[in-house]
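> need coordinates for the following:
(2 chains)
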2 protein chains.
Amino acid sequence: MIKYAILGFGVVGGGLAQVMADQKDKLAAAAGRQMELGYILVRHDYPDSPWRDKLVRDFSLIENDPDVAVVAEVIGGVGAAYEYSRRAILAGKSVVSSNKELVAVHGAELAALAREHGVSYLFEGSVGGGIPLLRPLCRCLAANRIDQVYGILNGTTNYILTAMDAHGRSFADALKTAQSLGYAEADPTADVEGIDACRKTTILADLSFGQNVDPADIPTRGITQVEPADLELARALGYTVKLLGRAARTGEGICAFVEPHLVARDHILASVNGVMNACAIQGSAVGEVVLCGPGAGAHPTASAVAADIADAVRHMADPQVPDLGRPGGALLPADALCSRWYVRAQCGPEAVSAAFPGAEPVYGSTGECGFVTGAMYDRRQLEEKLAAVNGRAAYRVLA
Amino acid sequence: MIKYAILGFGVVGGGLAQVMADQKDKLAAAAGRQMELGYILVRHDYPDSPWRDKLVRDFSLIENDPDVAVVAEVIGGVGAAYEYSRRAILAGKSVVSSNKELVAVHGAELAALAREHGVSYLFEGSVGGGIPLLRPLCRCLAANRIDQVYGILNGTTNYILTAMDAHGRSFADALKTAQSLGYAEADPTADVEGIDACRKTTILADLSFGQNVDPADIPTRGITQVEPADLELARALGYTVKLLGRAARTGEGICAFVEPHLVARDHILASVNGVMNACAIQGSAVGEVVLCGPGAGAHPTASAVAADIADAVRHMADPQVPDLGRPGGALLPADALCSRWYVRAQCGPEAVSAAFPGAEPVYGSTGECGFVTGAMYDRRQLEEKLAAVNGRAAYRVLA
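Here you go, the predicted structure:
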């Protein structure tokens, strides 16, 4: 009997043990054989857990058990998660993970190690939670040159923006509600500053363009500066505001960034509300596909990790390691992607017309106006003009 | 060198040859080895085709070439396509197909034959065109009991409904435009009567519930009866009209049907316009995911078929045959699924209130009214009440 081990017994770890038990037979059919939970690596006692006889605190028990073929790392972070992932691969075990930070930072290294040791390294749950996303990108769209990936990759910020849009609430107020509902952490920095979305954008860029990207190189703006006035003006202009991670192939190289965007109301992404995520993929043959669903949560993420476990078991003789790309040149600056821009400004319509000929401002309840510019590559050019209109905010418009 | 053959040189066949050539190296990486086009089976001469030296008219050349490992059937229909698929499998070749009619009618038989002969039988392109859909359903969501699948599965009808909604046009008028743009065939019956959507719903039901469904058993209504007044009233009520194929698991069995539905304006499916398709999948662990993209067209469909070819080559030692289910009991009647209903009627508000307490009618430019009923299981009960309000049309509301 093939065994698997779960590292970490938090929200995702508990959900994973449950999902693996609930769908044991279906997963066995996918894996081609029955699989048994061998161990759950924990740091605390859980005397009432139904899995209490599987709980261990010593990773070496897992590392040294030859029956353990797959290790599911759902600890998070780049400390113990990194060390155990390495040791598991060195011990000849496949590793599956939902840890976006680890995959974004050390994924390429772990993938190379897995290839060297003839085991699988899979991480479907690291981007988009339960949405089938990385396998479709790498396998189903294998006949495409990928030209752009972009999406709503963080549920916390999408919940906050949705609440601000629907109820005219402030960022701080919407964040408080998100925290009280468990959609945001006590320290929400990684979410609201776009860091989580940046990690996921890194992984998407790695898989799409064959160039391994350092998340530190991706210009990242979160949503803390978005004001109710922006959502009001966006609505009057026919848009809503979404935090998007984007990565695109241009003639000169790869360009990636995380920024709030204005998204037209009739675009599919404008209907992706609350904690839902969605990712669009543009390919040379397929055109554009959009994959939507729950981007986080115990059971959705477990759904992705469990499928990876089954896939790793099925492919013991043909290990699966997605290509996270070669260490590459620098990213292009975000300016490499031409955009129209939304501007919130404090000025009269004449000033808008003078600085941005053809722009049509709408005025909101704060007395400020909002308008959309023509397409421009150069953000510096935009910023010079912002002074002339007393500009307060500027966000890209999704083409 | 592994060879593949393409059966049929129509829109999809030509696109497939092109996509396989364009992305030769990427597909080789996915397949684990280089693949070479061996033959294209044709019925006419194409003296100017770049592939003219690969064109053959005699299937036995393909059947008898031991280097051909995969046959891509893109002929369509259940005549020659069925015969050649069978013969290819009997000759030990994997078969991939975008032929929804063949898969819906003979898929289970061909899958059993493929299993028996140790080859793959894949048909990602048969539902949703280029959208990664069947592989996500079967592989990525393997940790889920699937509870419902529903979607916009036909681009022609979605184009027509979108044009009727945006421009207030009649069905006949919108159909004519669709035909002039190549989105509808000269004989549009299979599309507008819902037959094409029914075949795709059959395949989704087969894969989701483990019960092989006969497409003839799925109650199917197309869009020929949808009037501009329905779209006008739907809009006033906060909805749009979409043709949906649905298949659901209930406590008593499987229920499937194809019908026009009212879809709320803020639902993702309401933003899926023109020839785009989308499919929602509800799973026990993941909740709901929605996959959107181009549901037809040469290159999108070729994208799906090409990925299947690469997958079949990669898995020569571990053939891939999705489970299309066992021949099963009868489907439940469509009434097994409880719905609210939209009704278009010719009567005053008092008559509406008397027959449907609580319903709030809106009146349109034809003098007819539209309203949404409470939830009801029994369509007969609905139909009795329709007489009392002089009902002209009734469509389900997507919950």
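
> wait, isn't A:Ser94 in contact with A:Ala72?
No: with contacts counted by CB atoms under 8 Å, A:Ser94 stays clear of A:Ala72, the gap being 9.5 Å. (C-beta placed from N, C-alpha, C; glycine too.)

> compare the two (neighbour count), which wins?
Looking at A:Ser94 and A:Ala72 with other CB atoms under 10 Å in any protein chain shown, you find the greater number of neighbours at A:Ala72, namely 32 against 29.

> direction included, what does the helix or strand harbouring the more buried one pair up with?
Taking DSSP states H and E as the criterion, A:Ala72 maps to strand A:68-73. Strand pairing for strand A:68-73, determined by DSSP bridges: strand A:2-7 (parallel), strand A:94-97 (parallel).

> burial measure for A:Val74, as a count.
With other CB under 10 Å as criterion, A:Val74 counts 27.

> quick one: contacts for it?
Counting by CB atoms under 8 Å, 6 or more residues apart in numbering or on different chains, A:Val74 makes contact with A:Ile6, A:Leu7, A:Gly8, A:Gly10, A:Val12, A:Gly13, A:Leu16, A:Ser97, A:Ser98, A:Asn99, A:Thr301, A:Val305.

> restricted to buried residues, select these in PyMOL.
Buried residues among the contacts of A:Val74 (16 or more other CB atoms under 10 Å in any protein chain shown), as a PyMOL selection:
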select buried, chain A and resi 6+7+8+12+13+16+97+98+99+301+305
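
> among the contacts of A:Val74, name the ones in strands.
The strands, defined by DSSP state E, take in A:Ile6, A:Leu7, A:Ser97 from these.

> looking at the residues you listed, which one is closest to chain B?
Closest to chain B out of these is A:Ile6 (13.6 Å), distances taken as CB to the nearest CB.

> mind listing what that closest one touches?
Residues counted as contacts of A:Ile6 (CB under 8 Å, 6+ apart) are A:Gly13, A:Leu16, A:Ala17, A:Leu37, A:Tyr39, A:Ile40, A:Leu41, A:Ala72, A:Val74.

> in TSV: the residues you listed, plus pLDDT and distance to A:Tyr239.
Formatted as TSV, the contacts of A:Ile6 follow (pLDDT from 0 to 100; distance: CB to CB, whole Å):
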residue	pLDDT	distance to A:Tyr239
A:Gly13	97	39
A:Leu16	98	38
A:Ala17	98	43
A:Leu37	98	48
A:Tyr39	98	50
A:Ile40	98	46
A:Leu41	98	46
A:Ala72	98	40
A:Val74	97	37
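
> which stretches of the stretch 51-200 of chain A form helices?
Using DSSP state H, counting those that start in this stretch, the helices found in the stretch 51-200 of chain A span residues A:59-63, A:80-90, A:100-117, A:134-135, A:155-167, A:171-180, A:189-192, A:195-209.

> quick check: residues of the stretch 101-250 of chain A near chain B?
Where the stretch 101-250 of chain A comes near chain B, counting by CB under 8 Å from any CB of the partner chain, the residues are A:124, A:130-132, A:135-136, A:138-145.

> hmm, 10 Å instead?
A:124, A:128-146, A:166, A:210 (CB under 10 Å from any CB of the partner chain).

> now, which of these lie within strands?
A:Ile146.

> now a PyMOL select for only the buried ones of the residues of the stretch 101-250 of chain A next to chain B.
To isolate the buried members of those in PyMOL, using 16+ other CB under 10 Å:
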select buried, chain A and resi 124+128+129+130+131+132+133+134+135+136+137+138+139+140+141+142+143+144+146+210
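
> domain ranges for chain A?
Per automatic domain parsing, the domain ranges recorded for chain A read A:2-130+A:298-326, A:135-294, A:338-397.

> and the ones you listed: which comes nearest B:Glu360?
domain A:135-294 (22.5 Å; CB to CB).

> how far out from the middle of the chain is stretch A:88-95?
Here stretch A:88-95 is found 25 Å from its chain centre; the criterion is CA atoms, centre = their mean, to the nearest Å.

> buried residues in it?
Using 16+ other CB under 10 Å as the test for burial, stretch A:88-95 gives A:Ala88, A:Ile89, A:Ala91, A:Lys93, A:Ser94, A:Val95.

> with the residues you listed in mind, which one is nearest to B:Ile2?
Checking those one by one against B:Ile2 (CB to CB), the nearest turns out to be A:Ser94, at 26.8 Å.

> and of the buried residues of stretch A:88-95, the nearest to B:Leu153?
Of all these, B:Leu153 sits closest to A:Ser94, with 36.0 Å by CB to CB.

> my guess is that closest one contacts A:Tyr121. True?
Yes: using CB atoms under 10 Å, A:Ser94 is in contact with A:Tyr121, at 7.0 Å.

> residue contacts, A:Val258?
A:153-154, A:157, A:193-202, A:215, A:218-222, A:243-247, A:334 (CB atoms under 10 Å, 6 or more residues apart in numbering or on different chains).

> between the host helix or strand of it and helix A:155-167, how big is the angle?
Assigned by DSSP H and E, A:Val258 falls within strand A:253-264. Relative orientation of strand A:253-264 versus helix A:155-167 (axes from the mean of the first three to the mean of the last three CA atoms, to 10 degrees): 30 degrees.

> just the CA atoms of strand A:253-264, as CSV, please.
What follows is strand A:253-264, C-alpha atoms only, in CSV (Å, rounded to 0.1, in the frame of the first residue of the first chain):
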residue,chain,number,x,y,z
GLY,A,253,10.9,40.4,-22.9
ILE,A,254,8.7,39.7,-20.0
CYS,A,255,6.8,42.3,-18.1
ALA,A,256,4.9,41.6,-14.8
PHE,A,257,3.3,43.7,-12.1
VAL,A,258,0.6,43.8,-9.5
GLU,A,259,-1.7,46.9,-9.4
PRO,A,260,-5.3,47.9,-8.9
HIS,A,261,-7.0,48.1,-12.3
LEU,A,262,-10.2,49.5,-13.7
VAL,A,263,-12.1,46.6,-15.2
ALA,A,264,-15.1,47.2,-17.5
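
> show me what counts as buried in that strand.
In strand A:253-264, the ones that count as buried by 16+ other CB under 10 Å are A:Ile254, A:Cys255, A:Ala256, A:Phe257, A:Val258, A:Glu259, A:Pro260, A:His261, A:Leu262, A:Val263, A:Ala264.
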